[in-house]
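S.K.: pasted the sequence and its predicted model underneath.
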Amino acid sequence: MVYEIAATLWPLPSTHIFSSPHMPITDILKSAFVAGLGLPTTTNFESLQYRQIPEWDSVAHMQLVMEIETAFDIMLSTDDVIAMSSFLTARDIVAKHGVPDA
């Protein structure tokens, strides 16, 4: 029962959008931002900053973290989650976890 309540409040990551092994790393990260924040694919990702758009609030931030962890099969530390304040910072954090060409 607790899981059912949590699942309605906290959707599971959308793993289906990250299925192409030949997709460039930056495109995978953009897909995570689209899924996690509900952004259009035409967004200027390089200028995205936490809390500078209504879609990127604290709850959406945690959804974004789940999307990134799922997309790259990594586990972000608390410090990483707190430091992730922009798309560019997220790209650096992913690269720090050994994902090539981020």
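M.R.: Good, I have the coordinates.

S.K.: what sits against Val65?
M.R.: Val65 is in contact with 36, 76, 81, 84, counting by CB atoms under 8 Å, 6 or more residues apart in numbering. Just so you know, the C-beta spots here come from the backbone N, C-alpha and C atoms, and that holds for glycine as well.

S.K.: which SS state does the third one fall under?
M.R.: Classification of Val81 using DSSP: H, G, I helix; E, B strand; the rest coil returns helix.

S.K.: how about Glu55, secondary structure?
M.R.: Glu55 - assigned by three-state DSSP - is coil.

S.K.: and the gap between the closest residue to it other than its chain neighbours and Asp101?
M.R.: Leaving aside its sequence neighbours, Glu55 sits nearest to Leu37 (CB to CB, 6 or more residues apart in numbering; 4.5 Å). In this view, Leu37 and Asp101 are 23 Å apart by CB to CB, to the nearest Å.

S.K.: so these two - more neighbours on which side?
M.R.: Leu37 (19 against 8; other CB atoms under 10 Å).

S.K.: show the backbone phi and psi for that one.
M.R.: phi -110, psi -10 (degrees, to the nearest 10).

S.K.: so it versus Ser31, what's the distance?
M.R.: Taking CB to CB, one finds Leu37 at 11 Å from Ser31.

S.K.: pull the helix or strand with minimum mean pLDDT from the chain.
M.R.: Every helix and strand of the chain was ranked by mean pLDDT, DSSP states H and E. The lowest is helix 2-9, at a mean of 42.

S.K.: low-confidence ranges in this protein?
M.R.: The chain contains residues with pLDDT under 70 at 1-21, 102.

S.K.: top helix in it by residue count?
M.R.: helix 58-72 (DSSP state H).

S.K.: report the buried residues of that helix.
M.R.: The neighbour-count check on helix 58-72 (16 or more other CB atoms under 10 Å) flags 60-61, 63-72 as buried.

S.K.: could you dump these to JSON lines with distance to Thr26?
M.R.: Shown next, in JSON lines, are the buried residues of helix 58-72 (distance: CB to CB, whole Å):
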{"residue": "Ala60", "distance to Thr26": "20"}
{"residue": "His61", "distance to Thr26": "20"}
{"residue": "Gln63", "distance to Thr26": "20"}
{"residue": "Leu64", "distance to Thr26": "15"}
{"residue": "Val65", "distance to Thr26": "18"}
{"residue": "Met66", "distance to Thr26": "19"}
{"residue": "Glu67", "distance to Thr26": "15"}
{"residue": "Ile68", "distance to Thr26": "13"}
{"residue": "Glu69", "distance to Thr26": "17"}
{"residue": "Thr70", "distance to Thr26": "17"}
{"residue": "Ala71", "distance to Thr26": "12"}
{"residue": "Phe72", "distance to Thr26": "12"}
